[in-house]
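>>> need coordinates for the following:
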Amino acid sequence: MKKAFARTLALVMTMAMVLTGCGSSGSDKSNPGTSASGSASTSGAAETDWPKETVTMVVPYSAGGDTDTYCRQMCKLLGEKLGVNFVVVNTTGGSGVVASTSVMTAKNDGYTALFHHTGVMMTQEAAESNEFSFQDDFEVVGTIARDDTYALICRADDTRFSNLEEMIAWAKANPGQLRFSVTYYGATHAVAAAMEKTMGIEMNQIDVGSSTADRLTAFMADQCDVLVVNYMNIADYVENGDFVVMGICSDERLPGLEDVPTLKEQGYDVVQPKLYEVRMPKGTDQAIVDKLSAAMAEIAEDPSFQKTLSTYYAQAYYRNGADTISGDTELVNELKDFFAES
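Sure thing, here's the model as predicted:
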C-alpha cells in the first residue's frame with residue numbers, strides 16, 4: 001500500500017510543479033527551544049536587506065482551520081515587524097503534498113515559505129510516504145505555535161455511546177464497524193493507530209478528506225461515527241450540545257478546558273500535539289532564514305500573539321531551526337517505532 005501511495009504522491013508532486021510554474025533554484029513543552037546560545041539566532045539579521053517585497057506563506061489547508069488561523073496571526077505581526085506584506089496562500093491537495101512541493105520547488109529567494117504542522121509532516125516523514133523529506137529538502141526556519149487540543153468527539157444524538165468507555169465497548173462488540181475519519185499518513189492516522197493499539201479495538205478507517213471543513217461536513221452528514229479535530233474548530237458545536245468530547249489527545253488537561261478529560265488519564269496513551277513550523281526552499285540564504293526566525297522569536301513573546309492563541313486553547317511556542325530539526329527528528333524516530341509495532 002505504501003508503494004502505491006508513494007506513486008500517487010509522486011504524481012501529485014509532478015502536477016504541482018507544472019501548475020505552480022515555479023522553477024527550482026540553485027522539545028520540552030515547558031521550555032520552548034532556543035539556539036545553542038540560549039536565544040533566537042540573529043547573526044544573519046544585519047547581513048541582508050530582505051524582505052523588499054511581499055512574502056508568500058503557503059498553507060496546505062483551506063481557510064478557517066487551525067493551521068490557517070495561526071499562520072494568519074503570525075503573518076500579520078511579521079508584516080508589522082519587517083515592513084512588507086506576508087500573504088497567506090491556501091493550497092490544498094494530497095494531504096499537504098501539493099503545497100509542500102510548490103514551496104520546495106519555488107525560487108529560493110526568501111519570498112516563498114511553507115507553514116505546516118508536525119502532525120502531518122512528521123507522520124509522513126516516519127512512514128516514508130513522500131518522495132521528499134521535510135527534514136532534508138527544506139531550510140527549516142523554526143517553530144511558532146503549539147496546539148495540544150486534538151479532541152475525540154461523537155455526535156450528541158448518537159444513541160450507541162456518549163462517552164469513551166461506551167464507545168470502546170460498542171467497538172469491541174462490533175469489530176471493524178466504528179467509522180473513524182482518517183487522513184492516511186497524517187495526524188489522524190497516527191491517532192487511529194494509537195487508539196486501536198491502546199484500546200484493543202478495530203475501526204473502519206475512512207478517508208473523507210484532509211481539510212477540517214471536509215471532515216466536519218462528513219461527520220455531520222453521518223459518514224463517520226467519531227472524529228478527532230482541534231478543539232477550536234468544534235467549540236461552538238460543543239457549547240450548543242451538538243457534539244460530545246470523549247477525551248483530549250494531550251498529556252494533561254489544558255488551560256480553559258479543565259473540565260475535559262484527556263484520553264491518557266482515562267487509561268489510553270493517545271497523545272497528539274501539533275507544532276506549527278515554517279520552512280523555506282532548500283538553498284535559501286541563511287541570513288534570510290535567521291532573520292525570519294529571529295522575527296518569529298519576537299512574535300512568540302508578543303503578548304497580543306499569546307493572547308490570540310490562548311483564545312483557541314493553543315500557545316505560542318518558539319524553537320529556532322536547529323532545535324526544530326532536533327525535536328522533529330526525535331518525533332520521527334518515535335513514530336517509526338510506533339508504525340513498526342503496528
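>>> in stretch 221-237, which residues are buried?
Going by neighbour count (16 or more other Cβ atoms under 10 Å), the buried part of stretch 221-237 is 224-235, 237. C-beta: built from backbone N, CA, C; applies to glycine.
>>> next: stretch 114-128.
Buried-residue list, stretch 114-128, by 16+ other Cβ under 10 Å: 114-127.
>>> same deal with stretch 198-215?
By neighbour count with 16+ other Cβ under 10 Å, stretch 198-215 contains the buried residues 199, 201, 203, 205, 207-212, 214-215.
>>> which two among the buried residues of stretch 221-237 are spaced furthest apart?
225 and 232 (22.1 Å; Cβ to Cβ).
>>> hmm, back to that, what's the closest of the buried residues of stretch 198-215 to residue 183?
residue 210 (4.5 Å).
>>> doesn't residue 111 make contact with residue 56?
Yes. The pair formed by residue 56 and residue 111 meets the contact definition of Cβ atoms under 8 Å, at 6.4 Å.
>>> who's in contact with residue 110?
The contact partners of residue 110, by Cβ atoms under 8 Å, 6 or more residues apart in numbering, come to 50-51, 55, 280, 284-285, 288, 292.
>>> the closest residue to it other than its chain neighbours and residue 266, how far apart?
The shortest distance from residue 110 to any non-neighbouring residue, by Cβ to Cβ, 6 or more residues apart in numbering, is to residue 288 (4.0 Å). Residue 288 sits 46 Å away from residue 266, going by Cβ to Cβ, to the nearest Å.
>>> who has more neighbours, the two?
Comparing residue 288 with residue 266 by other Cβ atoms under 10 Å, the one with more neighbours is residue 288, at 24 against 15.
>>> got the contact list for that one?
Contacts for residue 288 (Cβ under 8 Å, 6+ apart) come out as 44, 48, 50, 110, 280.
>>> just residue 220 next, same as before
With Cβ under 8 Å, 6+ apart, residue 220 has these contacts: residue 155.
>>> distance of it from residue 159?
17 Å.
>>> low-confidence stretches in the stretch 201-342 of the chain?
210, 338-342 (pLDDT under 70).
>>> how about the helices in it?
Counting by DSSP state H, counting those that start in this stretch, the stretch 201-342 of the chain has these helices, from start to end: 212-220, 235-239, 286-300, 303-311, 321-341.
>>> angle of the third one against helix 321-341?
Taking axes from the mean of the first three to the mean of the last three Cα atoms, to 10 degrees, helix 286-300 and helix 321-341 form an angle of 80 degrees between their directions.
>>> by pLDDT, give me the weakest of the contacts of residue 288.
On pLDDT alone, residue 44 ranks lowest of the contacts of residue 288, at 42.
>>> so who does residue 122 touch?
By Cβ under 8 Å, 6+ apart, the residues touching residue 122 are 134, 328, 331-332, 335.
>>> may I have the secondary structure class of it?
Under DSSP: H, G, I helix; E, B strand; the rest coil, residue 122 falls in the helix class.
>>> now do it, the pLDDT please.
The predicted local confidence for residue 122 is 90.
>>> report the secondary structure element holding the closest residue to residue 91 other than its chain neighbours.
Leaving aside its sequence neighbours, residue 91 sits nearest to residue 99 (Cβ to Cβ, 6+ apart; 4.0 Å). Residue 99 is part of helix 97-104, with elements assigned from DSSP states H and E.
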